[in-house]
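In: this one's sequence-less:
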């Protein structure tokens, strides 16, 4: 019995016992590959101590459908310089790439037409490290065999170098599985079109744990849009297309079917995250993004009965309705549209906006002296309406109020309390005549008790001055609060002197009328140092009359 090709492992009747790899156990031949320390391909036997130098040669030593395994040692670099430099053409072979980081066994593309051809069925690559070492590689791995699988792939662009497409299928690559794919892109080099692209109506494609970010145009980071695939599974995918086109992050044919779970698609702008949501069933954790730092929105068309569907219905209630809508299906119909026609009377099926416009029409300022009665504001009127002093047709409340106020009784008072002085100006009348209702003088502070008398005089601007009252008796007994009250019934009527500060003065229907000018005091008898203040109630006999 010879030792197993796995050092320190176990061999039972010549069959190596090795751990399960990926999705199945392997009990076939084991070969080792090491480009650094290996023997020439025809010199080594593929054992751990005498490994082959290339994976391509090791595949040629495998037996089809025998579950043979090839281990590429840490530090191994397989140069892919031309089309088919590495061809996986023996069915059922697994290639395991050992090592971590830059030391992980690597497939290095050094020619623009360089390809790895996966043509045999049921082959798989586990933990391959892909390196684009030359710019403008057309398509790195071309898969034409059924049931080809890759697990835990690391895909690197060298500085300023890029592949147009890295994984490309033919229409025969049914049940392709890529589980674990991380792309480290260069920001320069040839413009990328796709990273993973299927061709043909494939069945059973599984893309899981995919993380691709870069600038893609002419295609998509993940592209299954060539034909209608069936029964696909998209799970745990982060696809970010930074192209400013913008270009979608995932491409699907409109008739593709399958399931998607935890798919995150980011685009530079817009909301086309996936070229078509197709007939795929999108889980609620599938989201699209177009702005950094913000939550995404659901991918796929929500079911109307679902939460998202209900939200869409609610959102629809806030959409702008058609103008003058008469329906009451949603709150937006009741509220209305900005260009709804104004309604100024209660009617059927009119919006809040229509009634609001009608109300605003009725409270806006009308033109001056408007003669119609279309709105309430026409009835109320404009502040500039001309005053009306008699009943007339179609005049506003403002006009009538002006007329009323212009001729309504008013009051005036002297500026300050002063001693009684002969010929002192008590009031100044401007802009027309007044009718005196009554004229009152009130003692503010008692003086020396001089026996002065008080009489009122009119000195008009045009015409001669004359007294308009008789003289009071002696004011010697005046105390603070005493009054002189004049209600003129004749030009000789004497004012009433009320020492108590209250009482009834003479009454009469006649009014003393004086023209614009001044009303002055006439003080007779002894001088007095008592101080008095004067009050006047009058009716203007013209518009614009003032008394100060």
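Out: Received, thanks. This structure is a prediction, so every number in the text was calculated from the model and none was measured.
In: where along the protein do the helices fall?
Out: Assigned by DSSP state H, the chain shows helices spanning 55-60, 307-317, 331-335, 352-363, 376-380, 397-407.
In: hey, which of the ones you listed is tucked in deepest?
Out: Most buried of the helices of the chain, by mean neighbour count (mean count of other C-beta atoms under 10 Å): helix 55-60, with a mean of 22. All C-beta spots, glycine's among them, are computed from the backbone N, C-alpha and C.
In: which other helices and strands contact that one?
Out: If contacts are counted by 3 or more C-beta pairs under 8 Å, 6 or more residues apart in numbering; DSSP states H and E, helix 55-60 sits against strand 30-33, strand 69-72, strand 86-88.
In: switch to 10 Å and redo it
Out: With contacts defined as 3 or more C-beta pairs under 10 Å, 6 or more residues apart in numbering; DSSP states H and E, helix 55-60 has these neighbours: strand 30-33, strand 69-72, strand 77-80, strand 86-88, strand 94-97, strand 116-118.
In: which of the helices of the chain has the lowest mean pLDDT?
Out: Mean pLDDT values for the helices of the chain show the minimum at helix 307-317, a mean of 62.
In: rewinding a little: minimum distance to residue 323: which of the helices of the chain has it?
Out: Ranking these by their distance to residue 323 (criterion: C-beta to C-beta) puts helix 352-363 first, at 9.6 Å.
In: now do that closest one: everything it contacts.
Out: By C-beta atoms under 10 Å, 6 or more residues apart in numbering, the list of residues contacting helix 352-363 from outside reads 321, 323-325, 331, 334-347, 350-351, 374-380.
In: chain center to that helix, what's the gap?
Out: Computed by C-alpha atoms, centre = their mean, to the nearest Å, the chain-centroid distance of helix 352-363 equals 29 Å.
In: with stretch 150-157 instead?
Out: Distance of stretch 150-157 from the chain centroid (C-alpha atoms, centre = their mean) equals 40 Å.
In: find the nearest non-adjacent residue to residue 29, please.
Out: Nearest in space to residue 29, with sequence neighbours left out and distances taken as C-beta to C-beta, 6 or more residues apart in numbering, is residue 68 at 4.4 Å.
In: my read is that that neighbour contacts residue 96, right?
Out: No - taking contacts as C-beta atoms under 10 Å, residue 68 lies outside contact range of residue 96: 11.4 Å.
In: low pLDDT regions in this protein?
Out: Residues of the chain meeting the criterion pLDDT under 70: 1-25, 40-43, 302-317, 374, 503, 505-509.
In: so what are the domain limits for it?
Out: Here the domain parsing of the chain from automatic domain parsing is 28-313, 331-407, 410-547.
In: which stretches of the stretch 301-450 of the chain form strands?
Out: Remark: strands assigned in the stretch 301-450 of the chain by DSSP state E, counting those that start in this stretch are 410-413, 418-419, 425-430, 434-445.
In: ok, residue 322 to residue 341 distance?
Out: Distance of residue 322 to residue 341, computed by C-beta to C-beta, to the nearest Å: 13 Å.
In: quick check: neighbours shared by residue 68 and residue 96?
Out: Counting by C-beta under 10 Å, 6+ apart, the contacts common to residue 68 and residue 96 are 26, 30.
In: a markdown table for the helices and strands packed on helix 55-60, including mean neighbour count and distance to residue 521?
Out: Formatted as a markdown table, the helices and strands packed on helix 55-60 follow (neighbours: other C-beta atoms under 10 Å; distance: least, C-beta to C-beta, whole Å):
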| stretch | mean neighbour count | distance to residue 521 |
| --- | --- | --- |
| strand 30-33 | 25 | 131 |
| strand 69-72 | 28 | 126 |
| strand 77-80 | 20 | 123 |
| strand 86-88 | 22 | 127 |
| strand 94-97 | 25 | 122 |
| strand 116-118 | 23 | 123 |
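In: count the neighbours of the nearest residue to residue 273 once chain neighbours are set aside for me.
Out: Nearest non-adjacent residue to residue 273, counting by C-beta to C-beta, 6+ apart: residue 288, 3.0 Å away. Residue 288 has 22 neighbouring residues, counting by other C-beta atoms under 10 Å.
In: so which of the domains of the chain is the most surrounded?
Out: Between the domains of the chain, domain 28-313 has the highest mean count of neighbours, a mean of 19, where neighbours are mean count of other C-beta under 10 Å.
In: off-centre distance for that domain?
Out: The answer for domain 28-313 is 39 Å, by C-alpha atoms, centre = their mean.
In: likewise for stretch 385-401?
Out: Distance of stretch 385-401 from the chain centroid (C-alpha atoms, centre = their mean) equals 52 Å.
In: now tell me what touches that stretch from outside.
Out: By C-beta under 10 Å, 6+ apart, the list of residues contacting stretch 385-401 reads 366-373, 377-384, 402-408, 543-544.
In: separation between the residue nearest to residue 29 and residue 242?
Out: Computed as C-beta to C-beta, the residue 68 to residue 242 distance reads 41 Å.
In: repeat that for residue 224.
Out: With the distance defined as C-beta to C-beta, residue 224 ends up 20 Å from residue 242.
In: again, but for residue 471
Out: Residue 471 sits at a distance of 106 Å from residue 242 (criterion: C-beta to C-beta).
In: same thing with residue 387?
Out: Residue 387 is 75 Å from residue 242, where distance means C-beta to C-beta.
In: likewise residue 424?
Out: From residue 424 over to residue 242 the distance is 94 Å, taken as C-beta to C-beta.
In: before we move on, what about residue 259?
Out: 27 Å.
In: may I have the beta-bridge partners of the residue lying closest to residue 179 once chain neighbours are set aside?
Out: On the basis of C-beta to C-beta, 6+ apart, the spatially nearest residue to residue 179 that is not a chain neighbour turns out to be residue 208, at 4.5 Å. With DSSP bridges as the criterion, residue 208 is bridged to residue 179, residue 235.
In: right, I'll call it a day here.
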